[in-house]
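**Student:** Give me the fold of what follows.
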Amino acid sequence: MSHSHDDQAHTDKLVQSVPIQGSSSPSGPRIVDSSDLLAGHSSLLIRHLAEVYRLQTTRQGKLILTK
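**Tutor:** Sure thing, here's the model as predicted:
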């Protein structure tokens, strides 16, 4: 997936600004509310191991992660 430098800067800023909440167990997975990640948008880009993925919501309120 191709994306502009501006998109990457926006994504980096968004990721840095999202508060991460710990689970009740120190060894458990972290919990992040989807509304904090999406910040009012219907989709966002996630960079993982030099690949870019899109996380988006459907009209039914489900999440879809695509490469």
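**Student:** low pLDDT regions in the protein?
**Tutor:** 1-26 (pLDDT under 70).
**Student:** all helices for it, in order.
**Tutor:** For the chain, the helices defined by DSSP state H occupy 5-17, 34-38.
**Student:** Now do the end-to-end distance for stretch 42-51.
**Tutor:** 20 Å (C-alpha to C-alpha, to the nearest Å).
**Student:** quick one: buried residues of it?
**Tutor:** Leu44, Leu45 (16 or more other C-beta atoms under 10 Å). Every C-beta, even on glycine, is put in place using the N, C-alpha and C of the backbone.
**Student:** same deal with stretch 52-65?
**Tutor:** Buried, per 16+ other C-beta under 10 Å, within stretch 52-65: Leu55, Thr57.
**Student:** Need the residues that contact that stretch.
**Tutor:** 1, 3, 34, 37-38, 42-47, 66-67 (C-beta atoms under 8 Å, 6 or more residues apart in numbering).
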